[in-house]
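Enquirer: sequence and predicted structure are below.
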Amino acid sequence: MFGAYVGMAMVLMAFSSESRGLISSRSKSYLILMALGEGLLTTRAYVTGEWPFAVLGGIWAVFAIYSIIKPPLD
């Protein structure tokens with residue numbers, strides 16, 4: 001359960017920092033926070049059988065990881 005709280009804090013930190021213009025949603029720090037945070041939340045959702053949330057979180061984490069590996073072209 002502790003991991004879920006850490007994941008939630010990471011996602012909220014990334015989102016609030018991006019919303020306030022402190023970091024870009026394309027920055028590695030944002031994407032890493034989102035990937036790790038969503039990974040933790042997805043794991044918790046999977047273990048507890050919350051399938052819609054597990055699928056959503058998993059997809060979100062995969063997109064963040066993909067964007068780290070292959071950044072979008074400007």
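Expert: In hand now; what should we look at? Numbers count the residues shown, from 1 in each chain.

Enquirer: which parts of the longest helix seen in the chain are buried?
Expert: With DSSP state H applied, the helix covering the greatest number of residues in the chain is identified as helix 28-48. With burial defined by 16 or more other CB atoms under 10 Å, the residues of helix 28-48 counted as buried are 30-31, 33-45. (Each C-beta comes from the backbone N, C-alpha and C, glycine too.)

Enquirer: packing partners of that helix?
Expert: helix 2-19, helix 51-69 (3 or more CB pairs under 8 Å, 6 or more residues apart in numbering; DSSP states H and E).

Enquirer: off-centre distance for it?
Expert: Counting by CA atoms, centre = their mean, to the nearest Å, helix 28-48 is centred 5 Å from the centre of its parent chain.

Enquirer: next, name the residue at the spatial heart of this structure.
Expert: Nearest to the mean C-alpha position of the chain, by CA atoms, centre = their mean, lies Met34 at 2.3 Å.

Enquirer: contacting residues around that residue?
Expert: Met10, Val11, Ala14, Trp60, Ala61, Ala64 (CB atoms under 8 Å, 6 or more residues apart in numbering).

Enquirer: repeat that for Gly39.
Expert: Gly7, Gly57, Ala61.

Enquirer: tell me how far the closest residue to the second one other than its chain neighbours lies from Pro72.
Expert: Think Gly57. Nearest-residue entry for Gly57: Thr42, 3.6 Å, with adjacent residues in sequence omitted and distances by CB to CB, 6 or more residues apart in numbering. According to CB to CB, to the nearest Å, Thr42 and Pro72 sit 23 Å apart.

Enquirer: equivalent analysis for Ser24, please.
Expert: Where Pro72 is concerned, Ser24 sits at a distance of 11 Å (CB to CB).

Enquirer: which one's more surrounded, these two?
Expert: More neighbours surround Ser24 than the other of Ser24 and Pro72, with 12 against 7 (other CB atoms under 10 Å).
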